[in-house]
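Chemist: output the structure for:
(chains A and B)
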Amino acid sequence: MRIQPTSNRQQAYLQMRKRKNRKIKLTQFFICIGFLLLWELSSDFGWIDSFFFSSPKRILSFYVHSLSEGTLLSHIGMTFLETACSFLLVTMISIAVATLLWFQKSLSKVLEPYLVILNSLPKSALAPLLLVWLGSGIDTIIIAGISVAVFGSIISIYNGYLQTEPEKEILIQTLGGTRMQTFQLVVFPQTIPILLSITKVNIGLSLVGVIIGEFLSARKGLGYLIIYGSQTFQLTQVIASILLLCFMAYIFYHCITLFENKAIKKPTGH
Amino acid sequence: MSNFLTLHNIGYSYHSPQEETAALHHINFSVREGEFIAIVGPSGCGKSTLLSIIAGLLLPEEGEISFNCNAGSNIQRPIGYMLQKDQLLEWRTIEQNVMLGLEITKQKTPMHLEYVNTLLKEYGLDRFRHCYPSQLSGGMKQRAALIRTLALKPDLLLLDEPFSALDYQTRLNVSSDICRLIRQTKKTVILITHDLAEAISLSDRIIVLSKRPATVIRNIPIQLSSKDNSYLSASKCPEFHNYFNLLWEDLNHENSTNKQ
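Modeler: Sure, this is the predicted structure:
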């Protein structure tokens, strides 16, 4: 029942919107270019020490060099794989545990202080312990990634479940529904928007955990490149890896946004 | 006509670590089959508690409720319960919303679907079946909520201030509209309201509850010379004002004793 954009005023409005969007995109582009240009110039003219601060040109040649060697892609792939695994596991574990807590209110009362303590614990402090317990493998790094995100995620999802209007739960009850049906029909669907925003936080936290893990134990991955680069004073490698991390975080975030737009059928209101 | 529902000495208290609050005390009344009952009372007197007990959501601490329907003492069909807001689920279309009860009780049989379809057509929602609740007006949402309730063919309808979330003008229209539709179904109805005019114009009998702990202080049948149940025509009847004053005094008396 959408009104087709036919009138002149509607078209003018749409064009105005288009122009505004283009302006924003252009400004974003120029900020990026301007920053890179300033960086390059200040290292060329010796305003900053390019040994410590590197330069876009050096970074670019690092990318070209390590790509031709074929090592860079495997480092990126490793970090990507570890982050994706720990993110998926965090999502599954935290939904499962939060759901269990919703069904067993007394269990959630019992576990509450433990969850709060585990959540506020600085997880990087756990990483050395994990390394000793589990050895230096990909599973240690994935578990480090999980440990950073999972407790906060459980608490947030559980609180999301609790935000269900009590009247909606009564509604299902009066229609003869079980507690399982209350969960399936009301509690879970109404939590989906909250769930998606928690997911966005989780992807960032998983990445943090994976990098901490790689700092400590890995022989592959962007975290390894960063720590190795800093120890051998190859700061171009460090900065180049950090930039790749930024890019990876952006890609992950974008994927979730795409998924979000698909998952939530937005009813077109008036 | 036989008594459909009898409440015998119902009592209920809320418990908290600080205190025990008696909500209901020795409630006695009965409802005949096909009757439209309105329950009024001072705010916070436990009207909704009473309805929850009748609906089986709460168990009474004292006394007992007996249903006497054709099937025997225990009713298999769920009781139709309409809540204060329409409580339609925003992420479901109107069609999916009205089917909710059938889905829950796994009764999506052709016969039931046919019944829901008839109701959708009758109530003018057929065109909107694939719309989401946010696209409908308040009145249409209430109608959808009514269809959702009726889809399970309940013997008893409980309405807990079902119009209180609407603005005044919509409310006048919607309440008489919904109640006309309910009248057509010839179901037994218990309506809770704090609006005396609504109670008088819609119901066959009014039960007045006292302040907490609530007991029945008046139980009067309503006989209006006009009986099309719209607020407008009811308020024109001479008896309307007598009833109104009577109920008003009851409630005021309750409020004034409350202060002492």
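
Chemist: quick one: the helices in the chain?
Modeler: If you meant another chain, say so; for now it's chain A. Listed in chain order, the helices found in chain A under DSSP state H are A:8-44, A:50-53, A:56-69, A:71-103, A:105-120, A:127-134, A:138-162, A:166-174, A:179-182, A:188-217, A:222-231, A:235-263.

Chemist: can you look at chain B instead?
Modeler: Remark: helices assigned in chain B by DSSP H are B:47-55, B:94-98, B:100-104, B:110-122, B:138-150, B:168-185, B:196-202, B:231-236, B:238-259.

Chemist: surely B:Q142 and B:F163 touch.
Modeler: Yes. Using Cβ atoms under 8 Å, B:Q142 is in contact with B:F163, at 7.2 Å. Bear in mind the C-beta positions are built from the backbone N, C-alpha and C, glycine included.

Chemist: which neighbours do the two have in common?
Modeler: B:174, B:178 (Cβ atoms under 8 Å, 6 or more residues apart in numbering or on different chains).

Chemist: how about the helices of chain B in TSV, adding mean neighbour count, mean pLDDT and distance to chain A?
Modeler: TSV is the format used below for the helices of chain B (neighbours: other Cβ atoms under 10 Å in any protein chain shown; pLDDT from 0 to 100; distance: least, Cβ to the nearest Cβ, whole Å):
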stretch	mean neighbour count	mean pLDDT	distance to chain A
helix B:47-55	22	87	6
helix B:94-98	22	93	10
helix B:100-104	21	90	4
helix B:110-122	14	90	13
helix B:138-150	23	87	8
helix B:168-185	17	78	16
helix B:196-202	24	84	21
helix B:231-236	16	75	26
helix B:238-259	14	78	26
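
Chemist: among the ones you listed, which comes closest to A:L225?
Modeler: Comparison of those against A:L225 by Cβ to Cβ identifies helix B:94-98 as nearest, at 51.3 Å.

Chemist: so the residue most central in space within chain A versus A:L130, what's the distance?
Modeler: Taking Cα atoms, centre = their mean, the centroid of chain A lies closest to A:I203, which sits 2.3 Å from it. A:I203 sits 21 Å away from A:L130, going by Cβ to Cβ, to the nearest Å.

Chemist: before we move on, what about A:A218?
Modeler: According to Cβ to Cβ, A:A218 and A:L130 sit 13 Å apart.

Chemist: next one: A:L88
Modeler: To A:L130, A:L88 is 19 Å away according to Cβ to Cβ.

Chemist: please say which of these two ends up with more neighbours.
Modeler: A:L130 (21 against 14; other Cβ atoms under 10 Å in any protein chain shown).

Chemist: ok, the more buried one touching A:A144?
Modeler: Yes. With contact defined as Cβ under 8 Å, A:L130 counts as touching A:A144 (5.7 Å).

Chemist: what's the overlap in contacts for those two?
Modeler: With Cβ under 8 Å, 6+ apart as the test, A:L130 and A:A144 both reach A:G213.

Chemist: quick one, what contacts B:M82?
Modeler: B:145-146, B:149, B:157-160, B:162.

Chemist: pLDDT score for A:P5?
Modeler: A:P5 is assigned 54 on the pLDDT scale.

Chemist: oh sorry, the question was meant for A:V208
Modeler: Looking at A:V208, its pLDDT stands at 92.

Chemist: cool, the one 5 residues further on as well?
Modeler: pLDDT for A:G213: 91.

Chemist: same check, this time on the one 3 residues further on
Modeler: The confidence metric pLDDT takes the value 86 at A:L216.

Chemist: how about it, what does it touch?
Modeler: Residues near A:L216 by Cβ under 8 Å, 6+ apart: A:127-128, A:131, A:136, A:144.

Chemist: show me which of those is closest to A:R22.
Modeler: A:A144 (42.7 Å).

Chemist: residues near that closest one, how many?
Modeler: When counting by other Cβ under 10 Å, one arrives at 29 neighbours for A:A144.

Chemist: swap in A:M92?
Modeler: A:M92, neighbours per other Cβ under 10 Å, totals 10.

Chemist: and it, how close does it get to chain B?
Modeler: A:M92 sits 23 Å away from chain B, going by Cβ to the nearest Cβ, to the nearest Å.

Chemist: please report the distance of A:S217 from chain B.
Modeler: Distance of A:S217 to chain B, given as Cβ to the nearest Cβ: 44 Å.

Chemist: let me fix that: A:K57
Modeler: The gap separating A:K57 from chain B is 52 Å, by Cβ to the nearest Cβ.

Chemist: my read is that A:V208 contacts A:V148, right?
Modeler: Yes. Taking Cβ under 8 Å as the definition, A:V208 is a contact partner of A:V148 at 5.5 Å.

Chemist: so who does residue 62 touch?
Modeler: Here I'm looking at chain A. By Cβ under 8 Å, 6+ apart, the contact set of A:F62 is A:236-237, A:240.

Chemist: please go with chain B instead
Modeler: The contact partners of B:E62, taken as Cβ under 8 Å, 6+ apart, are B:9-12.

Chemist: at 10 Å what do you get?
Modeler: Going by Cβ atoms under 10 Å, 6 or more residues apart in numbering or on different chains, B:E62 touches B:8-13, B:24-27.

Chemist: residues shared between the contacts of A:A218 and A:L130?
Modeler: A:136, A:140-141.

Chemist: A:E169 versus the residue in the stretch 1-150 of chain B positioned nearest to chain A, what's the distance?
Modeler: As assessed by Cβ to the nearest Cβ, chain A sits closest to B:Y132 within the stretch 1-150 of chain B, at 3.3 Å. Distance from B:Y132 to A:E169, counting by Cβ to Cβ: 21 Å.
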